[in-house]
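Asks: sequence and predicted structure are below.
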Amino acid sequence: MKPNHQPITEVQDQLELEIDGMTCESCATHVVHALEELKGVEDVHIPGWQSGRATLMADTAVSDEDLVEAVEQAGYEAAVANRRTETGSQHPTGNGHKADHDLIVIGTGGGGMAAAIKAAELGYRAAIIEGGTIGGTCVNIGCVPSKTLIRAAEVYHRAAYHGFKGVQTRAEGVDWSALMQHKDELVAEMRQSKYVDVLASYGDNVTLIRDWARLKSDHQVILDDGRVFSANKVVIATGARPKILPLQGIETVEVLTSTTAMALEQQPGSLLVIGGRAVGLELSQTFARFGTQVTILQRSPRLVPDHEPEIAEAVAEALRAEGVTIHTGVIPQAIREENGHKVVTAEIDGKQREFRAEQVLMATGRTPNTPALGLAEVGVELDERGFIKVTDRMETTNSNIYAVGDVTNRPEFVYVAAAAGGIAATNALTDEGESLNLNILPEVIFTDPQIAKVGLTEAEAVTRGYDVKVSALPLEYVPRALAARDTRGLIKLVAEQGSDRLLGAHVLAAEGGEIIQTVALAVKFGLQYGFTVENLREMLFPYLNQVEGLKLSAQTFEKDVAQLSCCAG
Ligand SMILES: Cc1cc2nc3c(=O)[nH]c(=O)nc-3n(C[C@H](O)[C@H](O)[C@H](O)COP(=O)(O)OP(=O)(O)OC[C@H]3O[C@@H](n4cnc5c(N)ncnc54)[C@H](O)[C@@H]3O)c2cc1C
């Protein structure tokens, strides 16, 4: 099972077998032993019994039948799925030496994990290197802690907001340290079960190496402790970190980032949030719901400028209704400490204004973790914002090096990073030639109501030359929203006039994120098979569900919303 460090000079075949009947790790061990017993067979490897696959090297004299029979003798079924002739080292590094691994992955976030796992599933050996906390951003300081805090804030806030008669508003305050501890427990549990244990389950196929790494060549990485590892291909999945605006005085004032805001020992009484996109809005509402006085300073003329203007306006209204103060068109310039408060000086409409609060949160985007990786030395180019340039196949400008996730110039979502990781490993190790297709990219911002979108906005569709029609349905026409006594939000559909194809959908609704995947399918099949708005109208939707709003929005292309009956369709 261990990699052979001696170059193989004779002609050998690389084989992949499909194995049926394995039900546990010891089955895998039996199969490996049975195959290794055969003369001329070596390097037998099963990436885990669940894979139902084995890879091995065999002399050309060893026939397919010999291999199948050996497995059958051990009590399992086998078929040869793939046989390729290999000459020389099966792990060439380009310098005549055999590599330690087939693939080295730098970073254990969603992107890196997916790359290492895919390599193992394909029957290769990967090393995954982590200098920080295993699991990277999403589980430790991103999706998981933010979403559990958001949900806690929602629960705390819900009875008060929705105004159900007979339901009491929570009187007790928030136990901040218990809240933080609960969040930390969830993070620790998920890091262990979804990252540490998963890596361990791949045994020898994925080796976890703990240190900071940089590229020594396009086949080698060197760690801070001086160890050098080599591989045929390298995947960079080093992620990104919060970007701090270079405000005048910033070096003298400690500001919060999303990471430190979610780890505060004490709830701040007041908070200035610089930035009105996903992270800024999610954390603004969370803190506000727990009782912090929150002010958002947004540079663009509106919040969430990548979303439909109606959605931006409605979410601003929802946040203001909860006591959040919002300023748009703000250009922050300087920051200072004064009497225990932080003061941000900013320009609005050509005038100077000052904003003060106990804490300031910078939610102004993320900076890629590229410095100190030695990228320039190996010819890996960055784009003008400093992100690694990649093709849709996740290749960098050095054909031996791939990059995935937040460190690249692709959207910063964990599911994009993970998809890219699998594609990078596949392309690095095989000749499959897979591409990352982001045509249909569902996105969710976890405010309450949630902002969700897929496909084109109205403005994007017009710019692309479509003859566009739109429908916008306020949530007060959706029975589920009425029953839940939460009619904040709307659903906007963008379609093409003549073809009636759905081009985009934009949702602001409680749990709107749960709706968006349905409409993502409609947009996808609209593009592929001509699924139309009419098809959406015709479909049966379960009554008293928020997703029914899609059908109602489809109907409003034709009908006045006021004529929509509750249940008559
Ligand atoms: C507050 C917040 C909330 C978010 N919420 C969501 C959400 O709800 N849904 C969603 O899809 N996305 C969300 N995201 C984005 C998501 O977390 C990221 O897109 C995703 O985690 C990126 O994964 P990655 O693998 O590219 O990088 P990361 O997860 O950042 O992993 C990179 C890893 O590489 C390691 N590393 C860096 N340099 C080196 C080196 N030189 N040597 C060794 N190791 C190194 C780092 O320590 C890190 O562990 C959120 C992000 C934030 C900040």
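Replies: Received the coordinates, thanks.

Asks: state the helix or strand in which residue 419 lies.
Replies: helix 414-429 (DSSP states H and E).

Asks: so what touches the very next helix or strand once past that helix?
Replies: Sequence order places strand 443-445 as the next helix or strand after helix 414-429, per DSSP H and E. For strand 443-445, contacts defined as Cβ atoms under 8 Å, 6 or more residues apart in numbering pick out 277-278, 281-282, 304, 411, 413, 450-454, 512-513, 516. Where you see a C-beta, it was placed from the backbone N, CA and C, and this is true even at glycine.

Asks: ditto for stretch 513-522
Replies: Stretch 513-522 is contacted from outside by 440, 442-444, 446, 450, 452-455, 491, 493, 502, 505, 507, 509, 531, 535-536, 546-547, 549-550, using Cβ under 8 Å, 6+ apart.

Asks: now with 7 Å?
Replies: Applying Cβ atoms under 7 Å, 6 or more residues apart in numbering, the contact partners of stretch 513-522 are 440, 442, 444, 446, 450, 452-454, 502, 505, 507, 509, 531, 536, 546-547, 549-550.

Asks: and the ligand, which of the residues you listed contact it?
Replies: residue 446 (Cβ under 6 Å from any ligand atom).

Asks: among the contacts of stretch 513-522, which are in helices?
Replies: Judged by DSSP state H, those include 536, 549-550 as members of helices.

Asks: now a ChimeraX select for only the buried ones of the contacts of strand 443-445.
Replies: Here is the ChimeraX selection string for the buried members of the contacts of strand 443-445, based on 16 or more other Cβ atoms under 10 Å:
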select :277,278,281,282,304,413,450,451,452,453,454,512,513,516
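
Asks: give me the number of residues near residue 63?
Replies: Other residues near residue 63 number 11, with proximity taken as other Cβ atoms under 10 Å.

Asks: may I see the buried residues of the helix holding residue 419?
Replies: Buried residues in helix 414-429 (16+ other Cβ under 10 Å): 414, 416-429.

Asks: filtering those by proximity to the ligand, which remain?
Replies: Answer for these near the ligand (Cβ under 6 Å from any ligand atom): 414, 417.

Asks: the ligand: which of the contacts of strand 443-445 is nearest?
Replies: residue 413 (3.5 Å; Cβ to the nearest ligand atom).

Asks: quick one: pLDDT of the spatially closest residue to the closest one that is not a sequence neighbour?
Replies: Take residue 413 and drop its neighbours on the chain: the residue closest to it by Cβ to Cβ, 6 or more residues apart in numbering is residue 443, 7.1 Å away. Predicted confidence (pLDDT) for residue 443: 98.

Asks: roughly how far apart are residue 443 and the ligand?
Replies: 8 Å (Cβ to the nearest ligand atom, to the nearest Å).

Asks: what about that residue, how many neighbours?
Replies: Residue 443 has 18 nearby residues by other Cβ under 10 Å.

Asks: same question, residue 391
Replies: Burial measure for residue 391: 12 neighbouring residues, criterion other Cβ under 10 Å.

Asks: can we start the residue count at 9 from this point?
Replies: Fine by me, first position is 9 from now on; the one you just mentioned is residue 399.

Asks: helix or strand: which one has it?
Replies: Judged by DSSP H and E, residue 399 forms part of no helix or strand.

Asks: just to check, residue 354 is in contact with residue 340?
Replies: Yes - using Cβ atoms under 7 Å, residue 354 is in contact with residue 340, at 4.6 Å.

Asks: quick one on the thing from earlier: give me the buried subset of the contacts of stretch 521-530.
Replies: For those, buried by 16+ other Cβ under 10 Å: 448, 450, 452, 454, 458, 460-462, 510, 513, 515, 517, 539, 544, 554-555, 557-558.

Asks: state the mean pLDDT of stretch 78-98.
Replies: 77.

Asks: send me that stretch as CSV with only the CA atoms.
Replies: C-alpha atoms of stretch 78-98 as CSV (Å, rounded to 0.1, in the frame of the first residue of the first chain):
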residue,chain,number,x,y,z
ALA,A,78,-7.7,-13.9,-7.9
VAL,A,79,-10.4,-11.6,-6.7
GLU,A,80,-13.1,-14.3,-7.2
GLN,A,81,-11.0,-16.8,-5.2
ALA,A,82,-11.1,-14.4,-2.3
GLY,A,83,-14.9,-14.4,-2.5
TYR,A,84,-15.7,-11.2,-4.4
GLU,A,85,-16.6,-10.3,-8.0
ALA,A,86,-14.3,-8.3,-10.2
ALA,A,87,-14.1,-6.7,-13.7
VAL,A,88,-11.3,-4.8,-15.3
ALA,A,89,-12.6,-1.3,-15.9
ASN,A,90,-9.4,0.2,-17.3
ARG,A,91,-5.9,-0.9,-18.4
ARG,A,92,-3.2,1.4,-19.6
THR,A,93,0.4,0.8,-20.4
GLU,A,94,2.9,2.9,-18.4
THR,A,95,6.6,3.1,-19.1
GLY,A,96,9.1,4.3,-16.6
SER,A,97,8.1,5.9,-13.2
GLN,A,98,4.4,6.0,-12.5
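
Asks: so what's the residue most central in space within the chain scoring on pLDDT?
Replies: The centroid of the chain falls nearest to residue 422 when counting by Cα atoms, centre = their mean (0.9 Å). You'll see residue 422 listed with a pLDDT of 98.

Asks: give me the contact list for the helix or strand bottoming out on mean pLDDT in the chain.
Replies: Ranking every helix and strand in the chain by mean pLDDT, DSSP states H and E puts strand 85-94 at the bottom, with a mean of 81. Outside strand 85-94, the residues within contact range by Cβ under 7 Å, 6+ apart are 19-29, 68, 72, 75-76, 79-80.

Asks: just those: which are in helices?
Replies: Among the contacts of strand 85-94, the subset assigned to helices under DSSP H consists of 72, 75-76, 79-80.

Asks: among the residues you listed, name the buried ones.
Replies: 75, 79.

Asks: in the stretch 159-308 of the chain, which spans are strands?
Replies: 214-218, 221-225, 228-231, 236-244, 248-250, 278-282, 301-306 (DSSP state E, counting those that start in this stretch).

Asks: and those: which comes nearest residue 533?
Replies: strand 236-244 (32.2 Å; Cβ to Cβ).

Asks: so for the closest one, what's the average pLDDT?
Replies: Here the average pLDDT along strand 236-244 is 96.

Asks: ok, residue 52 - how many residues close by?
Replies: The number of residues near residue 52, taken as other Cβ under 10 Å, comes to 22.

Asks: contacts only, for it.
Replies: For residue 52, counting by Cβ under 7 Å, 6+ apart, the contacting residues are 40, 43-44, 62, 64.

Asks: which of the residues you listed are buried?
Replies: Judged by 16+ other Cβ under 10 Å, buried ones among those: 40, 43, 62, 64.
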